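Engineer: With the input below, show me the fold.
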Amino acid sequence: MESYTDQKRPFRSLVGELQLPFHAGQIASSIVKLHGDLRHEEHIIITERDYTDFMTRYPAIATHLSAMLITRTPLFVGYSLSDPDFNSIRTVIRSRLGAFERMSYVVQFNVDAERVEQALDDKLHIISLTVPSGASYDEALASLFEEMQRQIDSLTGAALRKARPDLFERVDTTMVSGTVTSLSEKNVIEATSRLCFVLMPFAEEFDAIYRLLIEPVAREMGMDVLRADQMTGPGFIIEQIRSAIQQARVCVADVTNGNQNVLYEVGYAQALGKPLVLMADADVKSLPFDIAHQRMVIYKRDDIEGAQGPLRAALLALLSEDKLAEADRLFQRGEYRGAIAAAVVVLEQHLRDALEDKTGRAERMAISRLVTELNRQKRLPPEGTNDLSRVIVIRNAAIHSVASPPREDAEFVLNVARGFLRPIGGDAVQQGTEADAQ
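Structural biologist: Numbering: from 1, shown residues only. Modelled structure (predicted):
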């Protein structure tokens, strides 16, 4: 439990049956303590009989454990096949599920192939990790779980994109498979996403903030909003939330009241380096110390729409100066695909802002249509049109082709983006001299 507390991950501890009615949220983990808990002396396990009779004395716990495992695949870590805990849990599963018992997986080390094959007859799949003598078992386990999480992230990300094609540009799965581990791929994901994922408590008091403040600003900036309670389909909510954070272009989090689920999601978004705007009610008394010093959009409940300007400014900063700085860092590291993707996000946002028509037609326009519309409004000089046409070609090749883009293409796109960040003058969107020189 200390590990969950240190990482600020929501959980509930189940020692006896009195804790079962208390719900810790959709993304909270349940820790079933079969050995009792020193903080609950009435449940301390001292004798062997205390242990063997645990499930008999607490049938609701046994039912809860069975209910969890009827829809989930058990993965046992740190158990031998003769471990009393291991056999006790399996006895509960078999007594409640019978023929519907799912295959259980056990992580062990250096198990021979014959033993692995024999265990399958007992509905046990042994995942044998080969660890050389003297090597760390901890590191081997860490590598296994990291790889498992990468696979889950890749699958859930692909599922979300398939389920909501209105939010994402179609792109090959291999181009967006490194969500967590690669800053370059993160920018490819953001460049092909229109998702603004909202992190806030599922409570009626926050609905107006969502509908009157966040949604209209996001739509004006070419994005669609989504929050976890609007996500449908099979799967576990925690993985769906992780996936939405990964696949979003930006995230907006309301940290009013310091909701633990929201704070965990904020921490995850920050760990990914995801563009993130924090919000809070002006009447909130205090904020968690680790986010209190960060930039925050403050709103008043009696004037919710009055905070649209500050929210728009915060999002624009993330998608312009901050994003261009990230593109520069990627370019310096030789990650040209990510640099191009990040720079085009900057361009897309500023082209949308430059449109004279603010009726909402620009909300869903891709960058190519934005250029066409700006030309129709005579807002682009000829050289600007030519440069942007070349940017679109470079961008599409970088996003959709496996081949790595050349340095000169990334440099050209960055120079064009820098030009559009300069003040707009005259009747046309000003183009940077560095780009003109290409």
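Engineer: What's the biggest helix in the protein, counting residues?
Structural biologist: Ranked by number of residues, the top helix in the chain under DSSP state H is helix 137-163.
Engineer: Which strands or helices does that one pack on?
Structural biologist: Helices and strands touching helix 137-163, by 3 or more C-beta pairs under 8 Å, 6 or more residues apart in numbering; DSSP states H and E, are strand 104-109, strand 124-129, helix 237-247. Heads up, the C-betas are built off the backbone N, CA and C, glycines and all.
Engineer: from these, which stretch is densest packed?
Structural biologist: Of all the helices and strands packed on helix 137-163, helix 237-247 carries the top mean neighbour count, a mean of 22, counting by mean count of other C-beta atoms under 10 Å.
Engineer: gap between that helix and the chain center?
Structural biologist: 4 Å (C-alpha atoms, centre = their mean, to the nearest Å).
Engineer: That one vs helix 137-163, what angle?
Structural biologist: Counting by axes from the mean of the first three to the mean of the last three C-alpha atoms, to 10 degrees, helix 237-247 lies at 70 degrees to helix 137-163.
Engineer: Which is the succeeding secondary structure element to helix 237-247?
Structural biologist: strand 250-254 (DSSP states H and E).
Engineer: any idea how far that following strand is from the chain center?
Structural biologist: That offset, for strand 250-254, works out to 11 Å (C-alpha atoms, centre = their mean).
Engineer: quick check: angle from it to helix 237-247?
Structural biologist: 130 degrees.
Engineer: partners of strand 250-254, with directions?
Structural biologist: strand 195-199 (parallel), strand 276-281 (parallel) (DSSP bridges).
Engineer: mind listing what's buried in it?
Structural biologist: 250-254 (16 or more other C-beta atoms under 10 Å).
Engineer: which of these lies closest to Asp322?
Structural biologist: Closest approach between the buried residues of strand 250-254 and Asp322, by C-beta to C-beta: Val250, at 10.6 Å.
Engineer: Spatially nearest residue to that closest one, not counting backbone neighbours?
Structural biologist: Excluding the flanking residues, the one nearest Val250 by C-beta to C-beta, 6 or more residues apart in numbering is Pro275, at 4.3 Å.
Engineer: Dump the buried residues of strand 250-254 into a markdown table; add distance to Ile394 as well.
Structural biologist: Formatted as a markdown table, the buried residues of strand 250-254 follow (distance: C-beta to C-beta, whole Å):
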| residue | distance to Ile394 |
| --- | --- |
| Val250 | 24 |
| Cys251 | 28 |
| Val252 | 30 |
| Ala253 | 33 |
| Asp254 | 38 |
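Engineer: what sits against the residue nearest the centre of the chain?
Structural biologist: Compute the mean C-alpha point of the chain, and by C-alpha atoms, centre = their mean the closest residue is Ile245, 2.6 Å away. Residues near Ile245 by C-beta atoms under 8 Å, 6 or more residues apart in numbering: 197, 199, 251, 265, 268-269, 272, 274.
Engineer: one more time with 6 Å
Structural biologist: Residues near Ile245 by C-beta atoms under 6 Å, 6 or more residues apart in numbering: 197, 251, 268-269.
Engineer: And the furthest pair within those residues?
Structural biologist: Phe197 and Tyr268 (11.3 Å).
Engineer: Which single one of the buried residues of strand 250-254 is nearest to Ala325?
Structural biologist: Looking across the buried residues of strand 250-254 and measuring by C-beta to C-beta, the closest to Ala325 is Val250, at 15.6 Å.
Engineer: Distance of the closest one relative to Met279?
Structural biologist: 13 Å (C-beta to C-beta, to the nearest Å).
Engineer: Equivalent analysis for Leu14, please.
Structural biologist: Counting by C-beta to C-beta - Leu14 and Met279 are separated by 34 Å.
Engineer: How about Glu383?
Structural biologist: Applying C-beta to C-beta to Glu383 and Met279 gives a distance of 41 Å.
Engineer: With neighbour numbers in mind, choose between these two.
Structural biologist: Met279 (23 against 11; other C-beta atoms under 10 Å).
Engineer: thinking again about what came up before, pLDDT wise, what is the residue nearest to Val250 at?
Structural biologist: Here, the pLDDT recorded for Pro275 equals 94.
Engineer: Would you check that it makes contact with Arg249?
Structural biologist: No. The pair Pro275 / Arg249 is not scored as a contact, 7.1 Å apart, by C-beta atoms under 6 Å.
Engineer: Looking at the two, which one has more neighbours?
Structural biologist: Arg249 (28 against 23).
Engineer: my read: the more buried one touches Thr192, true?
Structural biologist: No. Contact criterion C-beta under 6 Å: Arg249 and Thr192 do not qualify, at 8.8 Å.
Engineer: what mean pLDDT does stretch 401-408 have?
Structural biologist: Computed over stretch 401-408, the average pLDDT equals 92.
Engineer: Next: stretch 310-326.
Structural biologist: For stretch 310-326, the per-residue pLDDT averages 93.
Engineer: can you give me the offset of it from its chain's centre?
Structural biologist: With C-alpha atoms, centre = their mean, you get 19 Å for stretch 310-326.
Engineer: Just the buried residues of that stretch, please?
Structural biologist: 310-312, 314-316, 318-320, 323-324, 326.
Engineer: on that earlier part again, more neighbours: which of Phe197 and Tyr268?
Structural biologist: The neighbour count for Phe197 versus Tyr268, taken as other C-beta under 10 Å, is higher for Phe197 (30 against 20).
Engineer: Please name the nearest non-neighbouring residue to that one.
Structural biologist: In space, Phe197 is closest to Ala248, 4.0 Å off (C-beta to C-beta, 6+ apart).
Engineer: and the one you found, what pLDDT?
Structural biologist: 95.
Engineer: What of the one 5 residues further on?
Structural biologist: Reading off the confidence values, Ala253 has pLDDT 97.
Engineer: now it, nearest residue through space, not along the chain?
Structural biologist: Leu199 is the one closest to Ala253 (C-beta to C-beta, 6+ apart), at 3.9 Å.
Engineer: which residues touch that neighbour?
Structural biologist: Contact analysis of Leu199 by C-beta under 6 Å, 6+ apart lists 253, 262, 265.
Engineer: Do you know the pLDDT at it?
Structural biologist: At Leu199, the pLDDT recorded in the model is 97.
Engineer: That one and Tyr264, how far apart?
Structural biologist: Taken as C-beta to C-beta, the span from Leu199 to Tyr264 is 9 Å.
Engineer: This protein - how does it break down into domains?
Structural biologist: Domain assignment for the chain, taken from automatic domain parsing, gives 1-72, 160-317, 321-436.
Engineer: what's the weakest-modelled helix or strand in this protein?
Structural biologist: Lowest on mean pLDDT, DSSP states H and E among the helices and strands of the chain sits helix 433-436, with a mean of 38.
Engineer: Tell me the secondary structure at Leu81.
Structural biologist: Under DSSP: H, G, I helix; E, B strand; the rest coil, Leu81 falls in the coil class.
Engineer: Any chance of the backbone angles for it?
Structural biologist: Taking degrees, to the nearest 10, you get phi -70, psi -10 for the backbone angles of Leu81.
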